[in-house]
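I would like the atomic coordinates for the input below:
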Amino acid sequence: MLQVFIITWFGQIISLVGSGLTGFTLGLWVYQRTGSATQFALISFFATLPGIILSPIAGALIDRWERRWTMIISDCTAGLATLFIVLLLYANQLNIWQIYAAMCVISICTAFQYPAYSAAVTLLVPKQHLGRASGMVQIGEGLAQIGSPALAVILVSIIKIEGVLLIDFASYLFALATLLTIKFPQPNTSSEGYLSKGSLKSEAAYGWTYIVSRPSLLGLLVFFAGSNFLVGTVSVLITPMLLAFVSSTTLGLVLSIAGSGMLVGSIVMSVWGGPKQCILGVLGFSFLQGVCVICAGLRPDISLIAAAGFGGFFCSPLINGCSQAIWQRKVPPDLQGRVLVIGRNSVMTND
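Numbering: from 1, shown residues only. This next block holds a predicted model:
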């Protein structure tokens, strides 16, 4: 099963790097054409909100469906949305609202793909190594953070935005190919799973019921809902803030330096596995991340912002890894689709 996890993990890493190229390139395209921080921030809005709204239904369907095929269909649909943007660019017909529409589609795909992936990891990796597995999963996010901004700036100057988006489309095809070569085991039905069976609506609602009946999980959810709202509000303003006094090339360099913190943190988490009491890891590294956010806003100093960004991103995989391990250990595998989508919306920090 570990071999299956590694194959899946590698395919998802390639896809994440491709998506990172697209996210940075489209954000830069919108901001340079409009000069509007609001329109830039709306990319993140449309890339997030539809998935959050649909997540309860998505979670129930994930627990009903075969998780590998859920990921395959999600990757196919997201890849087609990217190809749609490429075709509009080649036809010189791309409008900002079409980017928002594509982001909505990709957001919905993510609402299915990521929880299915997380739930599958529980079946492929022994419980004592879930923290390390989470660190490995986030290595892909770290690679996207450190490499995508600088690489996107270089590639746009060589192959233009259309070429960058085609690379992302190819990354979806690669992830799809890896998923087609493997199989995931099916989870056994737990006692809670038997009790939750019913209509799609009742199964979707059971995710909330499961969490609310467990005060520790509910408290974790509330903690992340509040902290992520604050961090997310700051995150969408970083690019416009930097572009006010630096070039796009410097922006890419600063974001790459900051993103390297996530890669380093992911490697540390994959080797260490986190503290035995995972909640101490969540609270301790969340505090350190908050300090880094404050430091980034003290003054318009590139060195200070890059250092604070490195520290903040370093904390993210440690926070996420500890939290993800809690959810994966506490929730039966056959319920993880509908429970993890709720946890995903609040647990994963905004990077």
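
Could you report the neighbour count for residue 80?
14 (other Cβ atoms under 10 Å). Where you see a C-beta, it was placed from the backbone N, CA and C, and this is true even at glycine.

typo on my end, it should be residue 49
By the measure other Cβ under 10 Å, the count of residues near residue 49 is 14.

So it is in contact with residue 108, correct?
No: between residue 49 and residue 108 there is no contact under Cβ atoms under 8 Å: 10.3 Å.

all helices of this protein, in order?
Using DSSP state H, the helices of the chain run over 2-34, 37-64, 67-90, 96-124, 130-180, 191-196, 200-212, 215-243, 248-272, 278-296, 302-330, 336-347.

Please work out which of these is packed deepest.
Of all the helices of the chain, helix 336-347 has the most neighbours on average by mean count of other Cβ atoms under 10 Å, namely a mean of 25.

contacting residues for residue 178?
If you count contacts by Cβ atoms under 8 Å, 6 or more residues apart in numbering, residue 178 has them with 7, 8, 10, 11.

hmm, try it at 6 Å
By Cβ atoms under 6 Å, 6 or more residues apart in numbering, the contact set of residue 178 is 7, 11.

the bottom helix or strand of this protein by mean pLDDT?
helix 336-347 (a mean of 75; mean pLDDT, DSSP states H and E).

residue ranges with poor pLDDT in the stretch 251-351 of the chain?
343-351 (pLDDT under 70).

Give me the residue ranges of the protein where confidence is low.
In the chain (pLDDT under 70), the answer is 145, 343-351.

how near is residue 25 to residue 66?
34 Å (Cβ to Cβ, to the nearest Å).

again, but for residue 292
Residue 292 sits 41 Å away from residue 66, going by Cβ to Cβ.

Same question for residue 100.
31 Å.

Next: residue 164.
Distance from residue 164 to residue 66, by Cβ to Cβ: 33 Å.

swap in residue 309?
Relative to residue 66, residue 309 is positioned 39 Å away (Cβ to Cβ).

and residue 81, what is it in contact with?
Going by Cβ under 6 Å, 6+ apart, residue 81 touches 102, 105, 106.

of all the residues you listed, which comes closest to residue 257?
Using Cβ to Cβ, residue 106 comes nearest to residue 257 of the contacts of residue 81, at 26.7 Å.

The closest one touches residue 78, doesn't it?
Yes: counting by Cβ atoms under 6 Å, residue 78 is a contact partner of residue 106 at 4.8 Å.

For the closest residue to residue 1 other than its chain neighbours, list the residues it contacts.
Nearest non-adjacent residue to residue 1, counting by Cβ to Cβ, 6 or more residues apart in numbering: residue 124, 4.5 Å away. Residues counted as contacts of residue 124 (Cβ under 6 Å, 6+ apart) are 1, 4, 5.

before we move on, what about residue 193?
Applying Cβ under 6 Å, 6+ apart, the residues contacting residue 193 are 334, 335.

Can you tell me how far it is from residue 125?
Distance, residue 193 to residue 125, by Cβ to Cβ: 20 Å.

Perfect, I'm done here.
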